[in-house]
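**Q** Quick check, what structure comes out for this input:
(chains A and B)
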Amino acid sequence: MNAAEELKALLPGSVISTGLQLNKPMAVIKKEDLLKAAGKAKDIGFDHLSVITGIDYKDHFEVIYNFFSYSKKQNLALKVNLDHDKPEVETLTSLWNGADWLERETFDLVGIKFIGHPNLIRILLPDGWNGHPLRKDYDMNTEQFVTIGENGDDVVSPDGTNLLRRK
Amino acid sequence: MESDELFINMGPVHPSTHGVARFKLRMDGENIKECTPVIGYLHRGTEKIGEMKTYLQFIPYTDRLDYISAFPNNYAFVKAVEELAGIEVPLRAEYIRVLTMELNRIINHIVSIGSLLMDLGAATMIMWGFRERENALQLFEMLCGARMTFNYIKPGGVREDIPDGFMPKLNEFLKDMEKRIDDYEQLINGNEIFHMRMKNIGVINAKDAVNYGWTGPTLRGSGVDYDLRKYEPYSIYPDLDFKVCVRNEGDSYARFIVRMDEMKESLHILRQVVDNMPASKEISSAEYGIAPMTGTPTGVSTYFPRIFTPPAGEVYSRIEAPKGELGFYVVSDGTTKPYRVKIRSPSFCNLTAIPSLVKGLKIGDLIAAFGTIDVVLGDVDR
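**A** I've put the predicted structure just below:
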C-alpha cells in the first residue's frame, strides 16, 4: 500500500482518487478538505513540503503539493482541482512556514487565492502588476513599466509616464 | 531605555546581498526588530519562457537560474525530461555528468565561502578561492567551450565527449585542490574573530528547518541527515562511496563547516569517477546517436532531434544541487513544448526563513546568516 492509498484509508471522504504521478503516489483531494488531508499527511510523517505548483488548464486550475517524508523516505503528491472562475483553496501556512512564499508565488504568477494566508501579496512581480503571467490567457503584448517610487517601492504604469526618460 | 525605531533599506544594490535582494529593516538601535525581504528584481519569467520554447531550447535558460553552478540546473531539467520520455542514458554519459556536477559543487562552495568571508571583512579567501575556481572554469571551457553557462547536458547524454588532455588536467586540479582545502581550513577555521561572528548566529533547529522547507547544506547544518544523492539516488550515485556531511549545531558556523566537508567529499567522488570512467565512446542514447560537428573539441556532437515530443504526462523530479533540492515539475501535453515548467529552486525556499532567523540580531549578523544560506538571486527570482 503506497502513501496515497494509506491516506485514502484514513480519510475516505476527502480523497477522490489515488494514482501515480509518473512514479510518485498521488491523491486527488476534495478542495474543501485540503487542509484536513495535508494535516493528516503531516501526521503520518510527510514533514517536508517540497513544492506547490499551480497549473492553468483553461477550464480549471490544478494545484499540486509535493511532499516528502524524511523518516519514511517516501514521496506523496496531493492534487486539488479548482474552478476557473473561483480559484480558491485553503492555505497550508498553519502547518508549514515554508508554504508562505510558495503560496505567494503561486498567487503572483498563476492567480490562485489561498484563503487564510496572512500576507497574500505579490512576491516576484511588483504590486500593481496587471494579470498573472502563467495563466494561458495572459496578454503577452501589453507592456507594463516599472520604476522605483520615492519610498523605494515599485510603481507600475501601463503607459510609461512614470519613466524619467519619457518626460 | 527605549530608543526610536529606525527604518533601514538594505539593498537592492548592496555589496553583501550578492545581487539584488532588498531587506526592509525595522531597527531598535543596533538590533533588528523586523526584517522583510523584497525579491523579484531579477525576475525574468523563466517559467513562462519554458512554455514557449521546445524542450531542447529551454536547456540554455536553466543555465541562467543558478549561474554559479549551472551543470546541476541543466541536469535537473534534463532528468525530468528523461523520466517523462523514458530515455536510457549510457554509463559513460552519466559518469561525465556526475564529473561536471561534482566539480561544480566544489566551485559553488568556494564562491559561497569566499563571498561570506568577504562580507565579514576578510578578503583573502575570495582571492584564493577564485584562483582555484579559475582552474575549474578552464576545465569546463575545455569540455564545452563555456565558462559559466554551459548548455552541455542533453536528454540522452551529454553534448560532446571529453577532449584529449582533459583528464591529466583534472587530475592535476584534484591533487592541487586537496592541498588548497587544507590551506583554507588553516586560514579560516581557527580564526577567533570568525568564530565570534559565526557561532550561535542564525540558529535554527532541525524541526524548524524542515518546517521552513530548508534543504541542502543549510538543512544538514541543523542536524538532518538527508542528501538526495544518498537516499533517493539518481545517475551513478548508488555506485559511489561518499558520506553525508552533517553538523548538529544549526548555526552559521555549522553550515559553513558542512560546505567545507562537502568539498572534500566531492573530491573523493571525483577521484572515483576518474578511476572508473567507462572506456566506451558512447556519450548519448543509441536512439539519437552522434553527428560530426566542426568547431567542437572532439569533432563530433550529440545529435538530438528538433522535433521531440515526450508522451503526455507530468513529473516532479528533483536532485541535490549544491544549494539544496532543485526540482523541476514538467507537464507535457504531447506537443513539442512543455505545457508547464515549474522550478523549485533551493535558494528561494531557503530564503523563506530569513525573517525569523535574524530577528533580534545586529545588521552585521544578518550578513553572516544570509551569507551562510548561500543564495544566488538568479535562482531566487527566476
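
**Q** what's the burial count for the nearest residue to residue B:53 once chain neighbours are set aside?
**A** Distances taken as C-beta to C-beta, 6 or more residues apart in numbering or on different chains place residue B:337 nearest to residue B:53, at 6.6 Å, with adjacent residues excluded. Glycine gets a C-beta too; all of them are placed from N, C-alpha and C. Per other C-beta atoms under 10 Å in any protein chain shown, the neighbour tally for residue B:337 reads 16.

**Q** Would you mind listing what in the stretch 51-200 of chain B touches chain A?
**A** Neighbours of chain A within the stretch 51-200 of chain B, by C-beta under 8 Å from any C-beta of the partner chain: B:51, B:83-84.

**Q** can you put those in JSON lines and add distance to residue B:90 and secondary structure?
**A** Listed next are those as JSON lines, based on distance: C-beta to C-beta, whole Å; DSSP: H, G, I helix; E, B strand; the rest coil:
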{"residue": "B:51", "distance to residue B:90": "31", "secondary structure": "helix"}
{"residue": "B:83", "distance to residue B:90": "17", "secondary structure": "helix"}
{"residue": "B:84", "distance to residue B:90": "19", "secondary structure": "helix"}
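
**Q** most neighbours, which of these?
**A** Among these, residue B:84 has the most neighbours (other C-beta under 10 Å), with 22 neighbours.

**Q** Now that one: closest residue in space that isn't a chain neighbour?
**A** residue B:310 (4.5 Å).

**Q** is it true that the one you found touches residue B:83?
**A** No - taking C-beta atoms under 8 Å as the definition, residue B:310 is not a contact partner of residue B:83, at 9.4 Å.

**Q** Residue A:43: neighbouring residues, count only.
**A** The tally of other residues near residue A:43 (other C-beta under 10 Å) stands at 10.

**Q** Give me the distance between it and residue A:69.
**A** As judged by C-beta to C-beta, to the nearest Å, residue A:43 and residue A:69 stand 11 Å apart.

**Q** Name the residues of the stretch 201-350 of chain B found near chain A, please.
**A** Going by C-beta under 8 Å from any C-beta, the residues of the stretch 201-350 of chain B near chain A are B:208, B:210-215, B:224, B:226, B:231-232, B:313-316, B:318, B:325, B:327, B:329, B:331, B:339-340, B:342, B:344, B:348-349.

**Q** Excluding covalently adjacent residues, which one is nearest to the residue of chain A found nearest chain B?
**A** Closest contact between chain A and chain B, by C-beta to the nearest C-beta, is at residue A:98 (2.9 Å). Nearest non-adjacent residue to residue A:98, counting by C-beta to C-beta, 6+ apart: residue B:213, 2.9 Å away.

**Q** need the contact list for the one you found.
**A** Residue B:213 makes contact with A:48-50, A:96-99, A:102, B:349-350, B:352 under the criterion C-beta atoms under 8 Å, 6 or more residues apart in numbering or on different chains.

**Q** which among those residues gets closest to residue A:64?
**A** Proximity of the contacts of residue B:213 to residue A:64 (C-beta to C-beta) peaks at residue A:50, which lies at 10.5 Å.

**Q** My guess is that closest one contacts residue B:324. True?
**A** No - counting by C-beta under 8 Å, residue A:50 stays clear of residue B:324, with 10.7 Å between them.

**Q** That concludes my questions; thank you for your assistance.
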